[in-house]
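Q: Test case, fold it:
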Amino acid sequence: MTSPLDLRKARVLVFIHLFTISIGVAFEITNRLYPGLDSPATLFGILLVIILVIIFKRFGNFLISGNLIALIFFIILLDSVFSTGGLYSDNLLWMMAAPLLGLLFASSRSGIVWLVLLIGTTCYMFVLDLQSPGVYREQTAELDGMYYLITYCGLFIMLVGTVLIFATGQSMIIRALDEKQKELTKQKAELSRQTQALIEAEEKLKSINTELEQFAYSASHDLKEPLRMIGSYVNLVKRKLGTDLDSNTVEYMRFITDGVNRMEKMLNDLLLYSRLGRNDVQLKDYDLNDTLLVVMQNLMSSMERTDTAIYANNLPVIRSSSVEMIQLFQNLISNSIKFRKPGMPPVIGITYHEEPDRHRFMFMDNGIGIPEKAGKASSIFFERLHSIQDYEGSGIGLATCKKIVNNLGGSIWVEPEKQDGTTFVFTIPKSRNN
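A: Predicted coordinates for the structure are as follows:
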């Protein structure tokens, strides 16, 4: 059932069915013990009520079952009225059960319909009594006051029971609503507690990020100083010894100098990566066509040296940080230039496609592609796929691209390799422009 009131009504309706069956069984046993009594067809009545129980079990519809049981009461008692005193029969009073059953279990409209039928039947009995005065009264002349007292008490119990069922049903609904309100209050308190925990976790995370940024800043400055000192003293040793250095020593010093330079570049990249997505970065609307021109000017030297060609369709205007978008485009383009095929000029295609809720960008090149030994596509943004001897760099460029895109609410991935080269795809939601 869908509510506590419906559950209570269903239980009462089933009880009425079972009670009626019990009365029928009692009458049938009496008929068997005293065959001479004039009694109704109890077996038929029992079978009829069992059919009503099956209908209620099958459909669970109060409108159908309530009207059916009211109909049975009305027909059976109507037949008894004509044989037990008409207008003066107590069965006419018991016919009030029909509108009460319709009102309680079916609907208020059904109760009114059965009440109208009962009033119409009573008026018809009154007309018959006027036409044949005293005929029906003679049938009930021997009934005493106790008989009518029992009848009226039964009707009173029926009426009071109906009122109590509705009253308790309403109290059950009120109690259920009160319990629901308490449950909602508990859930609200739990949500408030979880929200407070999330706020505290966010504050703690901000504090940790600040500490990490300070650490990266310290590392990039404090560690660069001893690196510069190492490089300076190596150069001083080279100038002082001059031609006295043998070839092995010169090679060793070159290794030291190269290592210092790479470490310094790595520290700079680390500092740049840690500062991405800071709250103090001002977001504005930027035309990515202008961003691409700036990147091409920055990379003009390497593009001329490698004879690089870049093709792009018209790019959109998005809300972002100009510096971060320049870093994103420059890292992807320089990555394609760096990992070009030997003896083949790099060709880079930049394709933009507008989708209903996001911007989609695709960077394609004709380079060496992703090595077969590389792991999952998502892991290439955080690992170095080539040795430092083959390709220079700190290896943090793609990680920077991923962080920039993620800070913009988008995602970046590598398309499965279908031909030579590499295809990077990233998306940026349009909601960032609101």
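
Q: Looks to me like residue 350 is in a strand.
A: Yes. The assignment for residue 350 is a strand, going by DSSP: H, G, I helix; E, B strand; the rest coil.

Q: May I ask which helix or strand of the chain has the lowest mean pLDDT?
A: Least confident helix or strand of the chain, by mean pLDDT, DSSP states H and E, is helix 135-139 with a mean of 62.

Q: Is residue 344 in a helix, a strand, or coil?
A: Under three-state DSSP, residue 344 falls in the coil class.

Q: What is the neighbour count of residue 67?
A: Residues near residue 67, counting by other Cβ atoms under 10 Å, number 21. C-beta here means a position set from N, CA and C on the backbone, and glycine is covered the same way.

Q: Ignoring the adjacent residues along the chain, who's closest to it?
A: The spatially closest residue to residue 67, leaving aside those adjacent along the chain, is residue 106, at 4.9 Å (Cβ to Cβ, 6 or more residues apart in numbering).

Q: do the same with residue 331
A: Once flanking residues are discounted, residue 331 sits nearest to residue 397: 4.3 Å by Cβ to Cβ, 6+ apart.

Q: residue closest to the middle of the protein?
A: residue 191 (16.2 Å; Cα atoms, centre = their mean).

Q: For it, report the pLDDT, please.
A: Looking at residue 191, its pLDDT reads 88.

Q: Roughly how far does it sit from residue 180?
A: As judged by Cβ to Cβ, to the nearest Å, residue 191 and residue 180 stand 16 Å apart.

Q: Likewise for residue 50?
A: To residue 180, residue 50 is 38 Å away according to Cβ to Cβ.

Q: More neighbours: which of these two?
A: A direct count of neighbours by other Cβ under 10 Å for residue 50 and residue 180 places residue 50 higher, at 14 against 10.

Q: Which helix or strand contains the more buried one?
A: Secondary structure assignment for residue 50, by DSSP states H and E: helix 42-59.

Q: Name the residues of that helix that are buried.
A: Residues of helix 42-59 classed as buried by neighbour count (16 or more other Cβ atoms under 10 Å): 42, 45, 46, 48, 49, 52, 53, 56.

Q: Distance-wise, check the first one relative to residue 77.
A: Here the criterion is Cβ to Cβ. By it, residue 42 lies 15 Å from residue 77.

Q: How is the protein partitioned into domains?
A: Taking automatic domain parsing as the domain assignment, the ranges for the chain are 4-180, 280-433.

Q: Could you save those domains as TSV and add columns showing distance to residue 215?
A: Formatted as TSV, the domains of the chain follow (distance: least, Cβ to Cβ, whole Å):
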stretch	distance to residue 215
domain 4-180	51
domain 280-433	16
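
Q: OK, contacts around residue 363?
A: Neighbouring residues of residue 363 by Cβ atoms under 8 Å, 6 or more residues apart in numbering: 332, 333, 336, 348, 349, 350, 423, 424, 425.

Q: That one belongs to a helix?
A: No. Counting by three-state DSSP, one finds residue 363 to be strand, located in no helix.

Q: returning to that earlier point: wait, which of the domains of the chain is closest to residue 198?
A: Comparison of the domains of the chain against residue 198 by Cβ to Cβ identifies domain 280-433 as nearest, at 19.1 Å.

Q: got the residue ranges for the strands in this protein?
A: 284-287, 309-312, 317-320, 347-354, 358-365, 411-414, 423-429 (DSSP state E).

Q: Those: which one's closest to residue 89?
A: The minimum distance between residue 89 and the strands of the chain falls on strand 423-429, with 80.9 Å, by Cβ to Cβ.

Q: starting at the chain centroid, how far to the closest one?
A: Relative to its chain's centre, strand 423-429 lies at 27 Å (Cα atoms, centre = their mean, to the nearest Å).

Q: That strand pairs with which strands, parallel or anti?
A: Here strand 423-429 is paired, per DSSP bridges, with strand 358-365 (antiparallel), strand 411-414 (antiparallel).

Q: Highest mean neighbour count out of the ones you listed?
A: Highest mean neighbour count among these (mean count of other Cβ atoms under 10 Å): strand 358-365, with a mean of 20.

Q: Strand 347-354 and that one, what's the angle between them?
A: Counting by axes from the mean of the first three to the mean of the last three Cα atoms, to 10 degrees, strand 358-365 points 170 degrees away from the direction of strand 347-354.

Q: Quick one: mean pLDDT for strand 358-365?
A: Averaging pLDDT along strand 358-365 yields 93.

Q: same thing with stretch 422-434?
A: For stretch 422-434, the mean per-residue pLDDT is 80.

Q: ok, residues contacting that stretch?
A: 285, 318-320, 328, 332, 336, 339, 355, 357-365, 367, 369-370, 401, 405, 408-415, 417.

Q: As JSON lines, the contacts of residue 363 with distance to residue 232 and neighbour count would be great.
A: Shown next, in JSON lines, are the contacts of residue 363 (distance: Cβ to Cβ, whole Å; neighbours: other Cβ atoms under 10 Å):
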{"residue": "332", "distance to residue 232": "35", "neighbour count": "22"}
{"residue": "333", "distance to residue 232": "34", "neighbour count": "24"}
{"residue": "336", "distance to residue 232": "36", "neighbour count": "23"}
{"residue": "348", "distance to residue 232": "39", "neighbour count": "22"}
{"residue": "349", "distance to residue 232": "45", "neighbour count": "17"}
{"residue": "350", "distance to residue 232": "42", "neighbour count": "18"}
{"residue": "423", "distance to residue 232": "44", "neighbour count": "19"}
{"residue": "424", "distance to residue 232": "40", "neighbour count": "22"}
{"residue": "425", "distance to residue 232": "45", "neighbour count": "16"}
